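# I would like to see how this sequence folds:
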Amino acid sequence: MRDGAPIYLHFLDRELAESVRFAQSPELTARIMRLAALATVSPLYCSYSHLRRDAGFHQGLAVIGEAIAVNLCDVLLIVSNDIEEEELLRSWRKKSGNGVERITFGAKTYTFLGDVGGARVVSVRSEAGSSWLGASASTIAESMNLWRPSYVVLLGICFGTNRNEQRIGDVIVSTGVSLYEKSRIGTVWGFVPRWRLRGERRDSSRILVDRFRASARTWVSGRTHFGLMLSGEKLIDNPLVRMALVRGEPDAVGGEMEGMGVVLATAESKVQWIIVKGIADWADGKKKRSEQENQTLAARNAVGLVMHTLETDGFRLYAGKLWESELYILG
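Numbering: from 1, shown residues only. Prediction:
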């Protein structure tokens, strides 16, 4: 079946089903409807013939409404520490005046933020890093299977690479990611580390880069930098290591630990992704100085830019996705 084409399901009531020798229990009806809702992004239309109220099928119809409500979104936001999550929720409450809905499914608890600029937005927290259990790769992969988002935005904090052109709190928007885990580490002058990066480079979504470039022009709460983001499992807090990494990737404007996970999780999908993170330090061994203050400012600005961009109403890519308002019961 062509993805996106409408699917029509017609349910016979118990008496009519028996007349054509087709026995279908309420439990089977509910199961069929749940599987249909979880297995397609196509518009799903359900009809029935003389449905008897005591037949139990209304319970089955409620199941599909529940599945639709908790299994589809436009934008999936990923955070990876307390400060990032707190700033995201603070921004949402300030803008909407509403609380948030927590949904636990599988190993993860999701926060349903509702509509932002016409897009359904859900957030989830991963552990720090990319490839460890519970880190960004497994979290994003599991979340994509459940919610089937069109876009994944990795937001939070990172380190900057150029103190002359950048400031604490500036926001970096990735145009691509360079993975530094696969590398050869040698030395210069016998003691200075020299990194030869052998990892992959992956481009961020052109659609999302375009959306963020456009919205950055009207965002007045901070400065933005677009460019290559370094990503790997190691928390870099050594000026020699940072300089060695930047020497290997002169175009890099920042670095962080979760980007490799979004690359791995989306490698074989059509999901659009981007990294948006605020500069909290310079990876120079002085991370602990004003750490709380710097990380809060960096996370707040990153969240602010993401929310500002979402409000531009450019994030409903797939109009064929199924929402509760698109479920029709034809009698």
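# tell me the domain ranges of this protein?
The record's domain parsing of the chain by automatic domain parsing lists 7-70+319-330, 75-310.
# report the mean confidence score over the shortest one.
In this case it means domain 7-70+319-330. Mean pLDDT, computed over domain 7-70+319-330, is 48.
# what segments of this protein are helices?
Secondary structure of the chain (DSSP state H): helices at 14-19, 26-39, 57-71, 82-96, 136-147, 206-216, 239-248, 259-265, 291-310.
# tell me how far the residue nearest to I274 when sequence neighbours are not counted lies from V121.
What sits nearest to I274 in space, not counting adjacent residues and going by C-beta to C-beta, 6 or more residues apart in numbering, is L208, at 4.0 Å. Backbone N, C-alpha and C define where each C-beta goes, glycine included. As judged by C-beta to C-beta, to the nearest Å, L208 and V121 stand 14 Å apart.
# show residues contacting stretch 201-217.
With contact meaning C-beta atoms under 8 Å, 6 or more residues apart in numbering, stretch 201-217 is reached by 151, 153, 173-179, 224, 226, 228, 263, 272-276, 305, 308-309, 312, 314-315, 317.
# which ones among the residues you listed lie within strands?
151, 153, 173-179, 224, 226, 228, 272-276 (DSSP state E).
# what score does R196 have for pLDDT?
R196 carries a pLDDT value of 69.
# ok, now the one 4 residues further on?
The pLDDT attached to E200 in the predicted structure is 78.
# and it, how many neighbours?
12 (other C-beta atoms under 10 Å).
# contacts only, for it.
S178, L179, K182, V263.
# how near is the residue nearest to I274 to F315?
Distance from L208 to F315, by C-beta to C-beta: 9 Å.
# again with K95
K95 is 15 Å from F315, by C-beta to C-beta.
# more neighbours: the two, which one.
Set K95 next to F315 and count neighbours by other C-beta under 10 Å: F315 wins out with 24 against 13.
# next up, the contacts around the more buried one.
Taking C-beta under 8 Å, 6+ apart as the test, what F315 contacts is D74, V75, G117, G118, A119, S150, Y151, R211.
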